[in-house]
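# Here is the input, now give the coordinates:
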Amino acid sequence: MKLLSALFVVATAVLGWGYWHAQTHATLGLHVRDYGLATEKRLYATPQDVELRLLDASGAELAQASSVEPWGYILAIDPDPRIGNCEQRKGSQADFSKCFAAYTAWVSGWAGQVRSAAVEVGGCRIGDLPVKAYTSSGDWWLWWVPHPHIGGTPRRYYGFSVNIDSVLCRESLPVGLRAEAGRK
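Model prediction:
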């Protein structure tokens, strides 16, 4: 009976830790789809040199993000220069892991509040864009398994997608009108 009780306590502690970690650490996927770059074979394309501001319901800035060139993926940038987007830490696995732990804790503090975005691509600036959001805690109860093909450290996932049409972007329009032009 003592063994069964001890196993129950250990299992509860491990699952509790996994749940807590998934609630306090998050990863982030950011995507900008530009329908102005459409071709005969594709509906939209991913633009290069993207600057993104993620905003809450009141329009206050929660985070800034930019694309990593030449690859084009977009990363949020922690305002702490020692963390940034952790790209500068990729040379050392231990250093990157420490940076990434701080980065995912920072993301979990604001990502659930994102409601809109402002995008700058080249000379095109479009503000007050709706954000399509996706969130998942996935199988947090399984993520603690220390095997690279089964789990890992549990984290919540946030995915944000913003659609623009750079052809409709007009640099001379006020921000509100540019946003309306980008929605058409």
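# elements contacting the longest helix seen in the chain?
Ordering each helix of the chain by length in residues (DSSP state H) puts helix 2-24 first. Packing partners of helix 2-24 (3 or more Cβ pairs under 8 Å, 6 or more residues apart in numbering; DSSP states H and E): helix 93-110, helix 140-143. Placement of C-beta: from N, CA and C, glycine included.
# quick one: average pLDDT of stretch 51-65?
Regarding stretch 51-65, the rounded mean pLDDT is 95.
# For the residue most central in space within the chain, give me its contacts.
With distances taken as Cα atoms, centre = their mean, the residue of the chain nearest its centroid is Leu28 (2.5 Å). With Cβ atoms under 8 Å, 6 or more residues apart in numbering as the criterion, the residues that contact Leu28 are 75-76, 107, 111, 157-160.
# Out of the residues you listed, which sit inside helices?
Going by DSSP H, the helices hold Val107 from the contacts of Leu28.
# low-confidence ranges in this structure?
Scanning the chain for pLDDT under 70 picks out 14, 138-152, 170-184.
# can you pull out the strands in it?
26-34, 50-55, 61-68, 73-77, 116-121, 124-130, 132-136, 156-164 (DSSP state E).
# between those strands, which one is nearest to Gly84?
Closest of those to Gly84 is strand 73-77, at 5.6 Å (criterion: Cβ to Cβ).
# Give me the angle between that closest one and strand 26-34.
Using axes from the mean of the first three to the mean of the last three Cα atoms, to 10 degrees, the inter-axis angle of strand 73-77 relative to strand 26-34 is 130 degrees.
# Could I get the contacting residues of Val50?
Residues near Val50 by Cβ under 8 Å, 6+ apart: 32, 65-67, 72, 74, 119-121.
# same question, Cys99
Counted by Cβ under 8 Å, 6+ apart, Cys99 has contacts 82-83, 86, 89.
# try Gly59
Gly59 touches 116, 128, counting by Cβ under 8 Å, 6+ apart.
# From Trp106, how far out is it?
The spacing between Gly59 and Trp106, counted by Cβ to Cβ, to the nearest Å, is 21 Å.
# Redo the contacts of Leu28 as JSON lines? Include neighbour count and distance to Phe100.
Formatted as JSON lines, the contacts of Leu28 follow (neighbours: other Cβ atoms under 10 Å; distance: Cβ to Cβ, whole Å):
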{"residue": "Leu75", "neighbour count": "18", "distance to Phe100": "11"}
{"residue": "Ala76", "neighbour count": "22", "distance to Phe100": "13"}
{"residue": "Val107", "neighbour count": "21", "distance to Phe100": "10"}
{"residue": "Ala111", "neighbour count": "23", "distance to Phe100": "15"}
{"residue": "Tyr157", "neighbour count": "16", "distance to Phe100": "14"}
{"residue": "Tyr158", "neighbour count": "22", "distance to Phe100": "15"}
{"residue": "Gly159", "neighbour count": "16", "distance to Phe100": "18"}
{"residue": "Phe160", "neighbour count": "22", "distance to Phe100": "19"}
